[in-house]
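**Student:** Predicted structure and sequence below. I'll ask about it afterward.
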Amino acid sequence: MKVELFDKKIDDISADFEAILIVNKDLDHKFIKDKDKFDVLNYKGDGILVLPESKRIYVGIKEIEYDKLRLAMSKIYHALKNYNIKSVKIATYKNSNCTKKTYQAMTEGFILSSYEFDKYKSEKTKYNLNEIYISTDEYSDKTIKFEKANLGVKQGDIIARATNFAKKGVNEIPEIYTPKKMAEEAEILASRYERIECKIHGKNFLQKENMNAFLAVNRASVHEPYLIHLKYTPKKESKKRVIFVGKGLTYDSGGLSLKPSDYMLTMKCDKSGAMAVMGIIKGAAELELPFEIHSIIGATENMIGGNAYKPDDILITRSGVSVEVRNTDAEGRLVLADVLSYAQDFKPDLLIDMATLTGACVVGLGEFTIGLLGNNEELKKEYKDQIKDSGELMTILEFNDYLRELVKSKIADISNTSASRYGGTTTAGIFLDHFIKNEYKDKWMHLDIAGPAYLEKSWGYNNYGATGAGVRANLYYLLGLSKECGCE
Ligand code: BES
Ligand code: ZN
Ligand code: ZN
């Protein structure tokens, strides 16, 4: 899928089809050329109308807003993808406060929608539609410069492809996508980008580093665990060191606290945090962001067997904190405990971990929303505000001392489960907080992406399966930061 911007009137661009947005049922806009047909078709300007004979599609949109635009582009794509057409053109509007992000969002809408996981289908559907032409039409030099709009298209393309890259890894089956495969994928990524380097650490390293919680989770798996460390160094002097940590459970059976079958299904998605941090570093390199960025992943399976770690075990983590294991299905926080400890050795200015950590997050926030946790209320608010235009949804959750009580253990420093069945996302966050050193308490945020990371029912511009949750939000955040420090 290729999106191209033209500094031309829409009528001067040739394409197989034209898409026209109807903003807030305004049927009198000059782009609307089939108004005479609307009456008999009972089309009032909301929803979709395809007119094959005039080769035009109309899509109603309440207002020109970034995420509504993504959604509208997605509707256009899905309505036309089965047609035997190659290209569609669409214009941007005067009344829309057009910005660079308008073009960015439109581009993302098309590219995100066009991703489908069909690797294992013997018969793959081949869509001819793969070229989108965006016209600046009503937008001339006076409103937004072509270069700026074109930058939006370019960045939207990078961000959406980084997201699709993450989806691809998450969708791959657990038999194929083992920790080793994830490590290989990281190495391939590093080999493709001059400014990304990759270090892979195996079991010996984890032993040497006393990552006993990470190792315990891995023990019953036939696949070796890997700590994957990607680093992007910007061309210009770096303004900040941002470290992302990803939960890379290539499969989560629950371990001896085995998941019921219904809940185990889809647990190939437990590597979504890992794939997201890989997608982010890929995107960051292509966007040439002015920050030193690390993506550090704990990759393993959580399986059963005679040598499995057990409820009742006590693990001494890398940082020395002892953890009572009360449920082997709360494994993500164990892996993250050791990986977060390792990540802080690299002195982050900002430390963000991403994980499909708790079912409670899906129950509490629904399937569409990421949980945003951490000690620094200001930072969380700022972050949430910055990522708004990405279209990803986030809810801030707060720690409190009553919830802190719940992860205490009678026989170790902490327990890997809460004493209460309620507030599971926050208590998981509080567990992680035990592994954040004082100097980084205010620099750390935890994103629980369990809800939106994987879909069994598509929504918006996210098709069935992985969504690449967290990639867009963080790339938007980093782009925003680069603007803030004047180093765009
Ligand atoms: N990987 C799961 C969480 C999850 C649930 C991810 C649904 C995606 C969708 C995690 O390892 C887990 O099993 N958590 C337990 C924790 C509990 C045992 C304290 C949970 O949420 O049930
Ligand atoms: Zn689990
Ligand atoms: Zn898990």
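**Tutor:** Good, I have the coordinates. Ligands and ions are numbered 1, 2, ... in the order given.

**Student:** So the nearest residue to residue 56 once chain neighbours are set aside: helix, strand or coil?
**Tutor:** Excluding its sequence neighbours, the residue lying closest to residue 56 (Cβ to Cβ, 6 or more residues apart in numbering) is residue 18, at 4.9 Å. The C-beta positions use only the backbone N, C-alpha and C, and glycine is treated the same way. Look at residue 18: counting by DSSP: H, G, I helix; E, B strand; the rest coil, its state is strand.

**Student:** One more: the one 3 residues further on?
**Tutor:** For residue 21, the secondary-structure state derived from three-state DSSP is strand.

**Student:** Distance check, the residue lying closest to it once chain neighbours are set aside against residue 77.
**Tutor:** Distance criterion Cβ to Cβ, 6+ apart; nearest residue to residue 21, sequence neighbours excluded, is residue 61 at 5.2 Å. Going from residue 61 to residue 77 by Cβ to Cβ, to the nearest Å gives 15 Å.

**Student:** again, but for residue 437
**Tutor:** Taking Cβ to Cβ, one finds residue 437 at 46 Å from residue 77.

**Student:** residue in this protein nearest to ligand 1?
**Tutor:** Proximity of the chain to ligand 1 (Cβ to the nearest ligand atom) peaks at residue 359, 3.3 Å away.

**Student:** Not counting its neighbours along the chain, what's nearest residue 356?
**Tutor:** Among residues not flanking residue 356 along the chain, residue 450 sits closest, at 4.4 Å (Cβ to Cβ, 6+ apart).

**Student:** how much space between the residue nearest to residue 21 and residue 9?
**Tutor:** Distance of residue 61 to residue 9, given as Cβ to Cβ: 21 Å.

**Student:** same deal with residue 402?
**Tutor:** 63 Å.

**Student:** Ramachandran angles for residue 312?
**Tutor:** Dihedral angles of residue 312 (phi, psi; degrees, to the nearest 10) stand at phi 100, psi -20.

**Student:** cool, and residue 338?
**Tutor:** phi -70, psi -40.

**Student:** tally of neighbours for the residue of the stretch 201-350 of the chain found nearest ligand 3?
**Tutor:** Across the stretch 201-350 of the chain, no residue is closer to ligand 3 than residue 252, which sits at 3.7 Å (Cβ to the ion). By other Cβ atoms under 10 Å, 27 other residues sit near residue 252.

**Student:** give the contact list for it.
**Tutor:** Residue 252 makes contacts with 259, 264, 267, 270, 301-302, 329, 331-332, as judged by Cβ atoms under 8 Å, 6 or more residues apart in numbering.

**Student:** what would the residues you listed look like in CSV with distance to residue 215 and pLDDT?
**Tutor:** Shown next, in CSV, are the contacts of residue 252 (distance: Cβ to Cβ, whole Å; pLDDT from 0 to 100):
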residue, distance to residue 215, pLDDT
259, 21, 98
264, 23, 98
267, 20, 98
270, 18, 98
301, 13, 98
302, 12, 98
329, 17, 98
331, 12, 99
332, 15, 99
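
**Student:** Beta-bridge partners for the residue of the stretch 201-350 of the chain closest to ligand 3, please?
**Tutor:** When bridges are called by DSSP bridges, residue 252 pairs up with residue 302.

**Student:** residues from the stretch 151-300 of the chain in reach of ligand 3?
**Tutor:** 249, 252, 270 (Cβ under 5 Å from the ion).

**Student:** The last one against residue 251, yeah?
**Tutor:** Yes: under the criterion of Cβ atoms under 8 Å, residue 270 lies in contact with residue 251, with a separation of 6.8 Å.

**Student:** Those two - which one has more neighbours?
**Tutor:** residue 270 (27 against 22).

**Student:** how would you label the residue lying closest to the more buried one once chain neighbours are set aside: helix, strand or coil?
**Tutor:** Leaving aside its sequence neighbours, residue 270 sits nearest to residue 249 (Cβ to Cβ, 6+ apart; 3.6 Å). At residue 249 the chain is in strand, as set by three-state DSSP.

**Student:** All set, thanks.
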